[in-house]
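> Below: sequence and its predicted model.
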Amino acid sequence: MWIPIQIDEKSAEPLYHQIETQLRSLIISGNLAEGTLLPSIREFAGDLKCSVITVRRVYQDLEGEGLLRTRQGTGTFVSHVGDGAREEYRRETVRKALEAAVDAGLSVHFGREELEELFREIVKHKYGEEDKKEE
Amino acid sequence: MVQLAVEMRNVIKKRRSKTIGPINLELPEGHIIALVGQNGSGKSTLLSMLLKLSLPEEGTISWFGNSAEGELPMEIRRSIGYVPESPIQEESHWTPEEAACFRRRWYPDWDQAYFQALLDQFEVPRGIRLGKISKGERRKFEIAAVLAAGPKLLLLDEPSSGLDPFAWRIMIETFQRYMDERQATIIISTHIVEEVRRLADYIVLLHKGELLGMAEKDSLLGMWNEVWVGAKDEEELAELAAELPEALELSIQAPGMARMITSRLPDLEKRLSDLGVKMIKNRILDLEEILSLWTMGHRPELADSKRGD
């Protein structure tokens, strides 16, 4: 099975972190369904051109988080993701994007009120358009 | 704890013109270890010592926890597959099938169906003497015959020399699948960076007979960055150099631009931004450049095979 993970060889982010972050979001977002059998460590390492040491570390970490489970002799499977975890993931994704936006504001010395006003304007614009679509 | 496929302790081999070693290595089972280094750095000698084809003057070697006095015991020899740099001349007057027939007598686990399937995949011509087929085809036969014996330890001395890109891909995939199914160990000497990238878990670097160490491939890749920053002239560069302990090999590349390398990019970035110096561009050094820095003494973090797992 091929897992859509894109490695950026030029990125300063460690390989193992890139793989772990992307695999985690594929699982929590539900793109990889519960019960899916993941590739063997060697196979996955071959696909990603990384070492088995890295893939093993990723599998172990995600097993520790309860997102994967390994059955001896059969392989590594996607585990059940609770609604709580999924909800938290949605929240975290949005929070990170908002934080990045606020940082961008800070870096050009945007005032707090100026920022809040702009935020409301964007929300009105985007959500407003969606309301129109639904009509 | 990790089981070791091979352990070398203070192994020294004296050649007429140079000495190889002392080599201290612990190669963990279930992994692919790439042996890299320039011509004459001692890669082939290291592999032949693992077969007792050449005997070290000093030190000890053990295979799967067993050391061997005198000849390598049949039990151990059978579990090792070897693809030498140049093929065995004694087999040249045989066809692939005849050579296989001879070899299988020594290997109780010989898998004839697997051997045939590999010959098909590699498109090795049948019924023609091995001495008459091309160098690449001969290589493919060697690989197929070695894998058919079902080795636990594979020693490959530049296995891809002579292979076309198509056969090379099949070879890579064959080794990966073999590793996946058998949990074997591969020690592969190679000059081809893409081979290291695709296959290796660990990299062992030899330089002029000296073992420089073993590192995890993934911790090695991405270790070094080349950075270009704005700098007016040599004078400004010298001032900058004094402020940047994490930068090496600083030089003016073009008017107004200096180049440097670093293994601590985040620290360097922070310091540049504190100094108000503009970073124009940065790129990650590739494996060849990293290995060359290593031979010049910029040692990476080395692997300790007993840790981890």
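Right, received. Where do you want to start?

> mean confidence score for stretch B:32-50?
On average, the pLDDT along stretch B:32-50 is 93.

> cool, stretch B:94-107 as well?
Mean predicted lDDT for stretch B:94-107 stands at 93.

> so what's the residue sitting nearest the centre point of chain A closest to, chain neighbours aside?
In chain A, the C-alpha nearest the mean C-alpha coordinate belongs to A:S25, at 3.0 Å (C-alpha atoms, centre = their mean). Excluding its sequence neighbours, the residue lying closest to A:S25 (C-beta to C-beta, 6 or more residues apart in numbering or on different chains) is A:Y89, at 7.3 Å. Every residue, glycine included, has its C-beta placed from N, CA and C.

> Would you list the phi and psi of the one you found?
Per-residue torsions, A:Y89: phi -60, psi -40 (degrees, to the nearest 10).

> residue contacts, the spatially most central residue of chain B?
Central residue of chain B (C-alpha atoms, centre = their mean): B:A34, 1.6 Å from the mean position. Contact analysis of B:A34 by C-beta atoms under 8 Å, 6 or more residues apart in numbering or on different chains lists B:I188, B:S189, B:T190, B:E195, B:V196, B:L199, B:A200, B:Y202, B:I203, B:V204, B:K217.

> That one is in what secondary structure piece?
Using DSSP states H and E, B:A34 sits within strand B:32-36.

> Partner strands of that strand, with direction?
Here strand B:32-36 has these sheet partners by DSSP bridges: strand B:185-189 (parallel), strand B:202-207 (parallel).

> Packed most tightly, which of those strands would that be?
strand B:185-189 (a mean of 25; mean count of other C-beta atoms under 10 Å in any protein chain shown).

> Skip ahead from that strand and say which helix or strand is next.
Going down the chain from strand B:185-189, the next helix or strand is helix B:193-199, by DSSP H and E.

> near chain A at all, that next one?
Yes: remark: helix B:193-199 sits within contact range of chain A at B:R197, B:R198, by C-beta under 8 Å from any C-beta of the partner chain.

> Buried by neighbour count: which residues of that helix qualify?
For helix B:193-199, burial by neighbour count (16 or more other C-beta atoms under 10 Å in any protein chain shown) applies to B:E195, B:V196, B:R197, B:R198, B:L199.

> How about the contacts made by the second one?
Shown here is B:V196, whose contacts under the criterion C-beta under 8 Å, 6+ apart are B:A34, B:V36, B:T190, B:I203, B:K217, B:L287.

> for those, which one is nearest chain A?
Comparing these against chain A with C-beta to the nearest C-beta places B:K217 closest, at 4.9 Å.

> Measure how buried that closest one is and give me the count.
Neighbourhood size, B:K217 [other C-beta atoms under 10 Å in any protein chain shown]: 26.

> Which residues are in contact with it?
A:C50, A:S51, B:A34, B:V196, B:R197, B:A200, B:D201, B:Y202, B:I203.

> cool, and A:E117?
A:E117 neighbours (C-beta under 8 Å, 6+ apart): none.

> measure it to A:V123 for me?
In this view, A:E117 and A:V123 are 11 Å apart by C-beta to C-beta, to the nearest Å.
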